[in-house]
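> quick one, fold the following:
(2 chains)
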Amino acid sequence: MAHHGKGKPPRVGDNPVFRRTLLAFVLVLVALMIVAPLVVIAVEAFSRGVGYFAASIADPDTRHAILLTVVTALIAVPVNTAFGVAAAWAITKHDFRGKRLLTVVIELPFSVSPIVAGVSYLFVYGLQGLFGPALQSAEIKILFALPGIVLASMFVTAPFVARELIPLMQAQGRDLEEAATSLGASGWRTFFSVTLPNIKWALLYGVVLCNSRVMGEFGAVSVVSGNIRGQTNTLPLHIELLYHDYNAAGSFAAASILAGLAIVTLIAKVALERQGAGRVQRPSQLAGADSITRR
Amino acid sequence: MKIRLTNVVKEFQTFRAVHGVSLDIESGELVALLGPSGSGKTTILRMVAGLEYADGGAIYFGEENATDIPVRERGVGFVFQHYALFPHMTVGENIAFGMKVSKVKRSPEAIAKRVAELLDLVQLGGLKDRFPGQISGGQRQRVALARALAVDPRVLLLDEPFGALDANVRRDLRRWLRKIHDELGITTLFVTHDQEEALDLADRVVILNKGKIVQEGTPETVCRNPADAFVMNFLGDANRLDADIRGGKAYVDGVAFEAGGVADGGGQILFRPADVTWHEEGQGIAAKIVRVIDRPDSRRVLALTGSGQPVEFDTAPEFPYGKGEEGFLDIRRPRAYPAA
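Have a look, this model is predicted:
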């Protein structure tokens, strides 16, 4: 390295050998861990021809699984988005007792295995569970039905939106809201014209993460859904079922749909970002917050 | 609008508390709340704004008890220390915000007209369509002021208005704010920890320490007659020497100073570095020069008295003495206070 440039010592991290090694390491891992499996899904899905792929998708059980997954996401994602915004708002803009505890509790689903979450739902809503008898006498079916699936999905994804928003809203502080209120704005007005525009990218990112996870959730849902084919099987559960039926091509076809849904979500996110990002040069005032938003 | 605070109290777990502050601000007056950090000055300002509720006492706007009126309806213009401009709105949109959300409906034309007037007032005519991130700190400050004035507030409140600006921008803005205040005649209260800023700008200065008012008065009053050693120290460089008070005199190293009204016992005298003259021999407190610091317009001398107490004083650039030389300190305008 003595002859690097015009005899100047290289800057830290500016060593070409190190740079190439680092890049190669990352690229190899990305190829092995992320790209290869996705390629395999696509290849395997069409391994018995387009006709078989179409037939697999057209299978009523598969169609039902897709529908169930989409319906679950349509319920769980908006509810968790509202929850996440409310929780982040409460934690960052207000002072109250037990604030730290609440922050920890919101993060809990991250550290709890989804299977544990599913089993605990059995104990709460199951026949021998806490509310089981009461629910049964009222003829409300939660377990082995859509409500159970939605609840389990919501448990697992509860932290996603809140976690994206809390650091950003903490960095932004309360000044903007206080300024809006002192100028006469109501709470709703302040939220929609001041708070929301400044958190929208983080919010969008949280929603995308939340959505991907709801659609892909396996563990917790598998416990509470009962795996009834054509009735309570979500797409991930259905993929596993097909795989165990030695229907590899069918299972990969279904998997490609799930991957496709994820890609649609990502494209939607990028498109929305493009549309909004052109308008405002984000100010240096929120430089810290900025780096959180623009992943 | 006249503002009156009566025995206002705010309890905090932390240091920002306020302990029973009473204060009258006359209509159209420009008043500075001056104090070190943690003296409760910002808390008082936020209570006047309604951003913080008082735990005790009352705040009157004119004859109206405003203590429990929420900030939204209190009709104050608040300028935040870091301006709190809405980053996603242009300068024009920022200024228009208060008028748009107001209960008093205004036509878009009327709002646009008022925005243009305010931009003229704060001398930012061409910047209406810029975003806050695209203008300088001083310009943001003026936008924040225009935004606060747009709602026709009864009272203007400013939290460390020049705290985040360069020294020269600061001075210009100070003079400019005074001019605006004189034009509009709006009752204005601002918070600062910078004594120069307070003395330069305000009609009246309220000095706070540890959540209490220690002195209030015109800049002249607080400068010429500091109420206690804290005020004397806080308003500018001051030397402090331990003294014995006996019969209206303060004795330091055997030299007597005027100390009318101070009780006998332990005491101290304070004096400004400019109020000391060095004599090779004769009168004053014996001292020895420790170090001489050169400045563009003077020399600052660091000395130790015979009893080992440090004293700093300013001399002409021609001051010929140096380290180790001995002489006498002739002190003018000393102020005697009881021991802290």
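> tell me which element B:Asn94 falls in.
Element membership of B:Asn94, judged by DSSP states H and E, is helix B:91-101.
> contacts for that helix, please.
A:180, A:183-186, A:189, A:193, B:85-86, B:89, B:106, B:111-112, B:114-115, B:118-119, B:124, B:127-132, B:135, B:143, B:146-148, B:150-151 (Cβ atoms under 8 Å, 6 or more residues apart in numbering or on different chains). Glycine gets a C-beta too; all of them are placed from N, C-alpha and C.
> do that again at 6 Å, thanks
Contact partners of helix B:91-101, identified using Cβ atoms under 6 Å, 6 or more residues apart in numbering or on different chains, comprise A:183-185, A:189, B:85-86, B:106, B:111, B:115, B:118, B:127-128, B:130, B:143, B:146-147, B:150-151.
> ok, stretch A:135-155 next?
A:72, A:75-76, A:80, A:109, A:117-118, A:121, A:125-126, A:214, A:217, A:220-221, A:224-226, A:232.
> any quick PyMOL command for the buried ones out of those residues?
Once 16 or more other Cβ atoms under 10 Å in any protein chain shown is used to decide burial, the buried members of the contacts of stretch A:135-155 can be selected in PyMOL as follows:
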select buried, chain A and resi 72+75+76+80+109+117+118+121+125+126+214+217+220+221+224+225+232
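> identify the residue nearest A:Val208 in space, chain neighbours excluded?
Distances taken as Cβ to Cβ, 6 or more residues apart in numbering or on different chains put A:Lys269 closest to A:Val208, at 4.7 Å, once the chain neighbours are dropped.
> quick check: that neighbour vs chain B, distance?
Here A:Lys269 is placed at a distance of 19 Å from chain B (Cβ to the nearest Cβ, to the nearest Å).
> so which strand or helix has that residue?
Assigning secondary structure by DSSP H and E places A:Lys269 in helix A:248-277.
> just to revisit the earlier point, quick one: buried ones out of the contacts of helix B:91-101?
Burial by neighbour count, judged by 16+ other Cβ under 10 Å, picks out A:183-185, A:189, B:85-86, B:111, B:115, B:118, B:127-128, B:130, B:143, B:146-147, B:150-151 from the contacts of helix B:91-101.
> domains for the chain, by residue range?
Just going to use chain A. Recorded structural domains for chain A (assignment: automatic domain parsing) are A:1-45, A:49-293.
> um, chain B though
Following automatic domain parsing, chain B resolves into domains at B:3-230, B:239-338.
> can you put these in JSON lines and add mean pLDDT?
Supplementary listing: those in JSON lines, determined by pLDDT from 0 to 100:
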{"stretch": "domain B:3-230", "mean pLDDT": "92"}
{"stretch": "domain B:239-338", "mean pLDDT": "92"}
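> so which of the ones you listed is the most packed in?
Most buried of those by mean neighbour count (mean count of other Cβ atoms under 10 Å in any protein chain shown) is domain B:3-230; its value is a mean of 19.
> average pLDDT for whichever strand or helix holds A:Thr81?
According to DSSP H and E, A:Thr81 maps onto helix A:60-93. The average pLDDT for helix A:60-93 rounds to 93.
> also stretch A:171-181?
If you average the pLDDT over stretch A:171-181, you get 92.
> leaving out chain neighbours, which residue sits closest to A:Cys210?
Nearest in space to A:Cys210, with sequence neighbours left out and distances taken as Cβ to Cβ, 6+ apart, is A:Phe160 at 3.9 Å.
> any idea which of the domains of chain A is most buried?
Looking across the domains of chain A with neighbours counted as mean count of other Cβ under 10 Å, the highest average goes to domain A:49-293: a mean of 18.
> pLDDT at A:His244, what is it?
What the model reports as pLDDT for A:His244 is 90.
> measure it to chain B for me?
Computed with Cβ to the nearest Cβ, the distance linking A:His244 and chain B is 51 Å.
> and that residue, what does it touch?
Residues in contact with A:His244 (Cβ under 6 Å, 6+ apart): none are found.
> doesn't A:Ser251 make contact with A:Glu44?
No. Counting by Cβ atoms under 6 Å, A:Glu44 sits too far from A:Ser251 to count as a contact (8.4 Å).
> distance check, whatever residue of chain B ends up closest to chain A against B:Val91.
Nearest residue of chain B to chain A, counting by Cβ to the nearest Cβ: B:Gly133, 2.4 Å away. If you measure B:Gly133 against B:Val91 using Cβ to Cβ, to the nearest Å, the figure is 11 Å.
> what's the answer for A:Leu266, then?
Where B:Val91 is concerned, A:Leu266 sits at a distance of 36 Å (Cβ to Cβ).
> what's the answer for B:Arg335, then?
49 Å.
> check B:Cys223 too.
Plainly put, B:Cys223 is 39 Å away from B:Val91 if you go by Cβ to Cβ.
> below-threshold pLDDT in chain A: ranges please.
Under the criterion of pLDDT under 70, the regions of chain A flagged as low confidence span A:1-7, A:10, A:13, A:276-295.
> let's see that with 80 instead.
Residues of chain A meeting the criterion pLDDT under 80: A:1-14, A:127-130, A:132, A:272-273, A:275-295.
> quick one: the strands in it?
With strands called from DSSP state E, chain A shows none.
> list of residues touching stretch B:18-38?
Here stretch B:18-38 makes contact (Cβ under 6 Å, 6+ apart) with B:1-10, B:15, B:40-41, B:43-44, B:181, B:185, B:187-192, B:198, B:202-208, B:211-213.
> roughly how far out does it sit from the chain middle?
Going by Cα atoms, centre = their mean, to the nearest Å, the spacing between the C-alpha centre of stretch B:18-38 and its chain's C-alpha centre is 10 Å.
> ends of that stretch, how far apart?
Terminal residues of stretch B:18-38 lie 10 Å apart, using Cα to Cα, to the nearest Å.
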